[in-house]
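Chemist: Sequence first, predicted coordinates after that:
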Amino acid sequence: MYEQSAHADAVYASAQSVAASSTIVASWRRCMTMHRLAPEEKRLPVRLSDQEFRLARQQSERLVVEAADELGRLFSTVGRAGCCLLLTDRDGIALERRGTAGDDQEFQNLGLWTGSVWTEASIGTNGIGTALADDRAVTIVRDQHFFCSNINLSCTTAPIRDHRGLMAGALDVSTCREDVNDVTLAIIYQTVREAAMRIELGLFRSAFAGARFVMVPTDSGSTSALLAVDRNDMLLGATRAARVALKLDDNRISAGVPAADALRESHPGDEEALQEAERAALLRALSRANGNVTQAALALGMNRATLHRKMRKLDLH
């Protein structure tokens, strides 16, 4: 009881201090000023009705489908260490959960269950709500939570973005173990971020099925910076990392941008580009025909003599 009282006093003192400044204190201030919460309150996160929950899942069906395998892999890594996993939508609604039966009651008592709403407005500073509010991966450790009732909980959360780079949801790993240390939390943090990134890439690829994907070189070496390109080298879409690296937005993409231009690659004039395109088409046909000119000509819909003439013109003999 004293521990909870001391925590509430610390939250009030830090949130009201002009000098105190950190991500956690900023969240505490939001909880007090924007959401009118008090740290000493005894409360659980808001829970949806069955009908509201079904609707939320329907609206995020693609996210749930794409995340299923990744949730399984992640749980096989951290599940036995006393952790539970939550997948939420962009509104902090827990859509999917993974946990071991022996830990279920403890997590359910805290509201770490499907249908619960883990925003800051609902349950104060917490991994999911703060990650969504700050638009970045976070770890909220024990007494960094806003409410006294959550100070035994440690949460690591990474946001998940859709094919347009907009917030789609969040992936969270939480534990109540007292022996969790900084090294373990750092490993969990990196693991959760990587899992969230793979879910993002799955959402991106499914949104542009049949497209060609091009990796964008970035200073950080991120593998999540991808472009979706059609058969004519026109840009169809870009992940958030690619949008940031290339200064792309929906308006520029929808206006029609050649991938080479987006990547700022040097390119030949129109006449030379046309020849290069023809050369590429002939090379593909010849490769597929294992160098047989007659078969390649048939595939291209021209006679053998015409193909030979084009090959001489383009120096393909």
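Modeler: Arrived safely, thanks for sending.

Chemist: In terms of helices and strands, where is the residue nearest the centre of the chain?
Modeler: In the chain, the residue lying closest to the centroid (CA atoms, centre = their mean) is residue 160, at 2.8 Å. Counting by DSSP states H and E, the element that carries residue 160 is strand 154-161.

Chemist: Going C-terminal from that strand, what's the next secondary structure element?
Modeler: As assigned by DSSP H and E, the chain's next helix or strand after strand 154-161 is strand 167-175.

Chemist: Show me what counts as buried in the helix or strand following that next one.
Modeler: Once the chain leaves strand 167-175, the next helix or strand it forms, by DSSP H and E, is helix 182-207. Across helix 182-207, burial judged by 16 or more other CB atoms under 10 Å covers 184-185, 188-189, 191-193, 195-205, 207. For every residue, glycine as well, the C-beta is placed using N, CA and C.

Chemist: likewise stretch 8-28?
Modeler: Buried positions in stretch 8-28, judged by neighbour count with 16+ other CB under 10 Å: 8, 11, 14, 15, 24, 25, 26, 27, 28.

Chemist: what's the neighbour count on residue 103?
Modeler: For residue 103, the tally of surrounding residues (other CB atoms under 10 Å) stands at 18.

Chemist: Relative to residue 52, how far out is it?
Modeler: Applying CB to CB, to the nearest Å, the value for residue 103 to residue 52 is 26 Å.

Chemist: One more: residue 131?
Modeler: 22 Å.

Chemist: likewise residue 252?
Modeler: Distance of residue 252 to residue 52, computed by CB to CB: 37 Å.

Chemist: Tell me where this structure has strands.
Modeler: Ranges of strands in the chain, per DSSP state E, are 46-47, 83-89, 94-98, 116-117, 138-141, 154-161, 167-175, 212-215, 226-229, 235-238.

Chemist: before we move on, back to that, is the residue nearest to the centre of the chain bridged to anything, and to what?
Modeler: Legend: beta-bridge partners of residue 160 under DSSP bridges are residue 169.

Chemist: Quick check, it in contact with residue 200.
Modeler: Yes: with contact defined as CB atoms under 8 Å, residue 160 counts as touching residue 200 (5.7 Å).

Chemist: Let me see the domain layout of this protein.
Modeler: Domain assignment for the chain by automatic domain parsing gives 43-205, 209-262, 270-313.

Chemist: Distance from the chain centre to the last one, please.
Modeler: On the basis of CA atoms, centre = their mean, to the nearest Å, domain 270-313 is displaced by 42 Å from the centre of the chain it belongs to.

Chemist: Report the mean per-residue pLDDT for it.
Modeler: Mean per-residue pLDDT for domain 270-313: 74.

Chemist: swap in the second one?
Modeler: Averaging pLDDT along domain 209-262 gives 88.

Chemist: Over to the first one?
Modeler: Confidence for domain 43-205, expressed as mean pLDDT, is 95.

Chemist: Please report how far residue 101 lies from residue 71.
Modeler: Distance from residue 101 to residue 71, by CB to CB: 17 Å.

Chemist: Which one's more surrounded, those two?
Modeler: Neighbour totals were compared for residue 101 and residue 71, and residue 71 leads with 19 against 6 (other CB under 10 Å).

Chemist: Just confirm residue 29 contacts residue 15, I think it does.
Modeler: Yes: at 4.8 Å, residue 29 and residue 15 qualify as touching, with contact defined as CB under 8 Å.

Chemist: circling back: from the buried residues of stretch 8-28, which two are the most distant?
Modeler: The distance between the two most remote of the buried residues of stretch 8-28 (CB to CB) is 18.2 Å, for 8 and 26.
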